[in-house]
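Q: I'll drop the sequence and a predicted model, then ask my questions.
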Amino acid sequence: MWLLIPILVYSLIFLYVRHIYSYWQRKGFPHEKSSLSWSFLRAIYQREFHYHEAINAYYQTGKERFVGIYCFFRPILLIRDLSLARTLMENQAGHFNDIRWEYVRSYRKYNLLEKLSPLFAASRLEAMFRNIEKAGDHLVNKLSSTVAAGISAESADGCCAVDMQQLLRNYAVNVIANLIYGLDIDVFKQTDSVFLQYSNNAFQRSGINSYTFNRLPTKSSLTYRLRDIVQQNVELREDGATIRKDIMQLLVKFRNGNDIEVREKFDWHIENVFEREKIISIKKVARIAEYLLENGITAIASTAVFTLYEILKQPELMQKVRDEIMANSETKEKQKQINYEQLKNMKLLDLCIQETTRKYPSVPTIERTCRKPYAIPNSKRTLNEGKPFVIPLLAIQRDEKYFQDPMAYKPQRFLQDSNGNPGEKFTEFGLGAKTCIAQNFVKLVVKYVLVRLFSSYQMKLMPMTDLEICYNDTPYISSREGLKVALKSAKVKFEL
Ligand code: HEM
């Protein structure tokens, strides 16, 4: 009798595991070969720890438009076809809604993302430009003091080696703290700042390199400290004691039901309403701010780092970027001055940022869960409720079917050719109801920091033997020294 219990338990586990890993076969989908062998289970387990790389690698192994694969007890449908991927992202019609962004008001359901999209409208960002400049000043001040102090061995020839990855990450922290939390802080000086601690925690967590573990709820004391900052800020602004042109101001306006839609004349003042009329609670404002903080820092830093890395790798491209900056800026009191309008004219840098987001997408895979059965177009298969699909953006954007010579960094690929044919297309910021609301913002802050760097310094990549590019979640450079760049003041020329 006692012997029967373990046998029964093992049999049930065996049947359960086999049931999971035969899902796609049972449903008649094209699927990866699965078995309960040790090698298959080990491969599935390893896939968990290199999720984005594994998903993108599997994309290369076949030709079907979609294929059922397995990730650590989760059957997932991998989409291999760009037009199917676009259809799935665009035509949601309730099939793939993300309930995290839904909210109910007067018995009606709204998509919060859609309502919040004016937060990052170009005209709003233009009004916030002074705050972005402050974050740029903090970075340049830090670099100036580092170069002046000549802390490195290379300082003898007037140049200094710095880790640009870390510096740009701190710049991103300053930008987000300033615009989203409404605080003009400088984490280069305030090294105990809650924002810096949050950023370092998130970076270390990504080192665990696991799909599941990275998604476990991670409410720490930092979350509560950030919530306190939001609470104080919201109260100050609702009292009218502070009017600041930033994203927090727009979030508080939205909370009070004030119009934040894009109009020519915009009033930043907050019309405070009774508590019962508020659209979202302070807790919700804090959650949105934390979501933007968490995703924003890594996305801004990664896009800035890889754009800089690729430009520095190509001296010819670097010269063109410099020329463009020189042609569109003016010198006042021996300093290069750049305003919003001049920045808008720098088209080559726009193309560079676009090319970075193609080659190094900061969202390497898009995943959605099916909320109601979805018949896949031009096929006889139906994706059932509760089952996820994944779009391997990284692999699609590096597929020669869609992009010529995909591993080459060619910003010009997005330009019209001489016959007026449009440049190559891409989907990097997503489509449909979950399109990235912050795309204008990230392009602006990355472009601005690059302009500040190229107009203030001569830069050169230092040789790094252990440079590796990792993808968990956002791409980053894994090397002992981050992205090591030698800097000289712009007046001193490097031998290139
Ligand atoms: C170059 C940098 C960035 C890229 C390539 C990027 C890409 C994307 C993509 C592909 C989506 C769609 C995800 C989906 O369909 O599931 C998305 C959504 C979103 N992004 Fe971005 N993003 C970037 C920067 C940012 C930044 C800086 C922020 C915040 C400050 C941000 C905030 C969001 C938000 C709030 C969403 C809504 C959907 C969600 O994640 O739930 N993004 N982004």
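A: Right, received. Where do you want to start? Residues are numbered from 1 along each chain as shown.
Q: quick one: the helices in the stretch 351-496 of the chain?
A: Under the criterion DSSP state H, counting those that start in this stretch, the stretch 351-496 of the chain carries helices at the ranges 393-396, 439-456.
Q: okay, those helices, which one's buried deepest?
A: With neighbours defined by mean count of other CB atoms under 10 Å, none of these is more surrounded on average than helix 393-396, at a mean of 24. C-beta here means a position set from N, CA and C on the backbone, and glycine is covered the same way.
Q: near the ligand, which residues of this structure?
A: By CB under 6 Å from any ligand atom, the part of the chain that sits against the ligand consists of 98, 113, 292, 295-296, 299-300, 303, 357, 361-363, 366, 428-430, 434, 436-438, 441-442.
Q: just the buried ones from the residues you listed?
A: Applying 16 or more other CB atoms under 10 Å to the residues of the chain next to the ligand, the neighbour count classes 113, 292, 295-296, 299-300, 303, 357, 361-363, 366, 428-430, 434, 436-438, 441-442 as buried.
Q: where along the stretch 151-300 of the chain do the strands fall?
A: Residue ranges of the strands in the stretch 151-300 of the chain, as given by DSSP state E, counting those that start in this stretch, are 160-163.
Q: that one: helices as residue ranges?
A: For the stretch 151-300 of the chain, applying DSSP H, counting those that start in this stretch gives helices covering 164-179, 194-206, 211-214, 221-238, 247-255, 282-313.
Q: cool, and the stretch 1-150 of the chain?
A: Counting by DSSP H, counting those that start in this stretch, the stretch 1-150 of the chain has these helices, from start to end: 4-20, 23-26, 38-49, 51-59, 82-90, 112-116, 122-127, 129-149.
Q: now the second one: mean pLDDT?
A: Think helix 23-26. The predicted model gives helix 23-26 an average pLDDT of 96.
Q: tell me the buried residues in that helix?
A: For helix 23-26, burial by neighbour count (16+ other CB under 10 Å) applies to Y23, W24.
Q: circling back to that earlier point, what's the most buried one of the helices of the stretch 1-150 of the chain?
A: helix 51-59 (a mean of 21).
Q: so which residues of the stretch 351-496 of the chain form strands?
A: Listed from the start of the chain, the stretch 351-496 of the chain has strands (DSSP E, counting those that start in this stretch) covering 366-369, 374-375, 382-383, 388-391, 457-461, 468-471, 475-478, 484-489.
Q: which strands or helices does the fourth one pack on?
A: Using 3 or more CB pairs under 8 Å, 6 or more residues apart in numbering; DSSP states H and E as the contact criterion, the secondary-structure elements in contact with strand 388-391 are strand 74-79, helix 82-90, strand 366-369.
Q: present those as CSV; the columns should include distance to F195.
A: Converted to CSV, the helices and strands packed on strand 388-391 look like this (distance: least, CB to CB, whole Å):
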stretch, distance to F195
strand 74-79, 33
helix 82-90, 32
strand 366-369, 27
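Q: would you mind giving these as CSV with distance to Q232 and mean pLDDT added?
A: Formatted as CSV, the helices and strands packed on strand 388-391 follow (distance: least, CB to CB, whole Å; pLDDT from 0 to 100):
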stretch, distance to Q232, mean pLDDT
strand 74-79, 41, 95
helix 82-90, 38, 91
strand 366-369, 36, 92
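Q: so which of the strands of the stretch 351-496 of the chain comes closest to M128?
A: Nearest to M128 among those is strand 457-461 (25.4 Å), distances taken as CB to CB.
Q: give me the sheet partners of that closest one and which way each runs.
A: When pairs are called by DSSP bridges, strand 457-461 turns out to pair with strand 484-489 (antiparallel).
Q: let me see the mean pLDDT of the partner strand.
A: For strand 484-489, the per-residue pLDDT values average out at 89.
Q: just the buried residues of that strand, please?
A: Within strand 484-489, the residues that qualify as buried by neighbour count (16+ other CB under 10 Å) are K484, V485, A486, L487, K488.
Q: now do that strand and helix 439-456, the angle between them.
A: 60 degrees (axes from the mean of the first three to the mean of the last three CA atoms, to 10 degrees).
Q: count of neighbours near the nearest residue to E114 once chain neighbours are set aside?
A: Nearest in space to E114, with sequence neighbours left out and distances taken as CB to CB, 6 or more residues apart in numbering, is A433 at 6.8 Å. Neighbouring residues of A433 were enumerated by other CB atoms under 10 Å; the total is 16.
Q: roughly how far is stretch 364-379 from the heart of the chain?
A: For stretch 364-379, the distance between its averaged C-alpha position and the chain's averaged C-alpha position is 22 Å (CA atoms, centre = their mean, to the nearest Å).
Q: and of the helices and strands packed on strand 388-391, who's closest to A161?
A: Ranked by CB to CB, the member of those that lies closest to A161 is strand 366-369, at 37.1 Å.
Q: for the closest one, packing partners?
A: Counting contacts by 3+ CB pairs under 8 Å, 6+ apart, strand 366-369 is packed against helix 82-90, strand 388-391.
Q: if we can go back for a sec, any idea which of the strands of the stretch 351-496 of the chain gets closest to A93?
A: A93 lies closest to strand 374-375 among the strands of the stretch 351-496 of the chain, at 9.0 Å (CB to CB).
Q: please name the residues that touch the most centrally placed residue in the chain.
A: Residue closest to the average C-alpha location in the chain (CA atoms, centre = their mean): A299, at 3.1 Å. With contacts defined as CB atoms under 8 Å, 6 or more residues apart in numbering, A299 is in contact with S362, V363, A438, V442, T474.
Q: lowest pLDDT pick from the residues you listed?
A: In terms of pLDDT, T474 ranks lowest among these, with 86.
Q: for that one, what are phi and psi?
A: Backbone torsions for T474, taken as degrees, to the nearest 10, come to phi -80, psi 150.
Q: contacts only, for it.
A: Contacts for T474 (CB under 8 Å, 6+ apart) come out as S206, T298, A299, S302, S362, V363, P364.
Q: mind picking the two most distant members of those?
A: S206 and V363 (13.5 Å).
Q: want to try CSV for the helices and strands packed on strand 366-369, with distance to Q397 as columns?
A: Formatted as CSV, the entries for these read as follows, by distance: least, CB to CB, whole Å:
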stretch, distance to Q397
helix 82-90, 9
strand 388-391, 11
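Q: wait, doesn't G68 sit right on E32?
A: Yes: shown here, G68 and E32 form a contact pair, counting by CB atoms under 8 Å, at 6.9 Å.
Q: the two: who's more crowded?
A: Of the pair G68 and E32, G68 is the one with more neighbours under other CB under 10 Å, namely 24 against 18.
Q: in the stretch 101-250 of the chain, which residue sits closest to the ligand?
A: Per CB to the nearest ligand atom, the residue of the stretch 101-250 of the chain with the smallest distance to the ligand is L113, at 5.4 Å.
Q: let me know the closest of the buried residues of strand 484-489 to the ligand.
A: When these are compared for distance to the ligand, the smallest value, 20.5 Å, is given by V485; criterion: CB to the nearest ligand atom.
Q: remind me which residues of the stretch 1-150 of the chain are low pLDDT?
A: Low-confidence regions of the stretch 1-150 of the chain, defined here as pLDDT under 70, cover residues 92, 150.
Q: kindly report the same for the stretch 351-496 of the chain.
A: Low-confidence segments of the stretch 351-496 of the chain, defined by pLDDT under 70, are located at 417-424, 426, 491-496.
Q: since that was my last question, I'll sign off now.
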